[in-house]
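Undergrad: sequence? don't have it. structure:
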């Protein structure tokens, strides 16, 4: 069994904490390895184990134009925000938190994927970012079409990134916020 090969199991919790604080950001295995004093390969193996036990899941970068789009690192999210909150010991209300945006993004992305799987809608999921810092939180690729979701807790206005619009003009761009989120996750 793979769990038998874990020598420093407490380091998994340290990795989870680091992933929790990096929710919605690209993750470097080497950087995590340095912070928890493990090799890059061991970190990668432990994160793979966390994925296989349905604690976290990965979004890779989306790209069809490798010269302008970044796909090197991945982002990790928790299947349930409660696990994320427990790992970082923070159960405060949203008004008292400084990670509301991360919680909201994690919640919407995980619930969207669960909803699509439950509805038997087969999609590929990604995030998108360019070298000049244009980004989109969630890309859904299904039935030959692209759906871009920008996730904002507040109902502020949000424009389609120019590079996305130019490169993928036939895609649909949707802003998910606390006023309309239910139609995308239920």
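TA: Now that the structure is in, tell me what you want to look at. Given the structure is predicted, the values throughout are model-derived calculations rather than measurements.
Undergrad: helices or strands next to the top helix by length along the chain in the packing?
TA: Counting by DSSP state H, the longest helix found in the chain is helix 100-118. The contact analysis (3 or more CB pairs under 8 Å, 6 or more residues apart in numbering; DSSP states H and E) places helix 100-118 against strand 56-61, strand 74-78, helix 81-87, strand 135-142, strand 145-151, helix 182-185. (C-beta placed from N, C-alpha, C; glycine too.)
Undergrad: how about the ones you listed, which one is nearest residue 104?
TA: strand 145-151 (6.5 Å; CB to CB).
Undergrad: contacts for the longest helix of the chain, please.
TA: Residues outside helix 100-118 that contact it (CB atoms under 8 Å, 6 or more residues apart in numbering): 23-24, 57, 59, 77-81, 84, 94, 97, 122-123, 125, 137-138, 140, 149, 151-153, 176, 178, 181, 184-186.
Undergrad: ok, back up a step: deepest of the helices and strands packed on helix 100-118, which one?
TA: Neighbour counts (mean count of other CB atoms under 10 Å) averaged over each of those peak at strand 74-78, with a mean of 23.
Undergrad: that strand vs helix 100-118, what angle?
TA: Interaxial angle, strand 74-78 versus helix 100-118 (axes from the mean of the first three to the mean of the last three CA atoms, to 10 degrees): 80 degrees.
Undergrad: with that, I have no additional questions.
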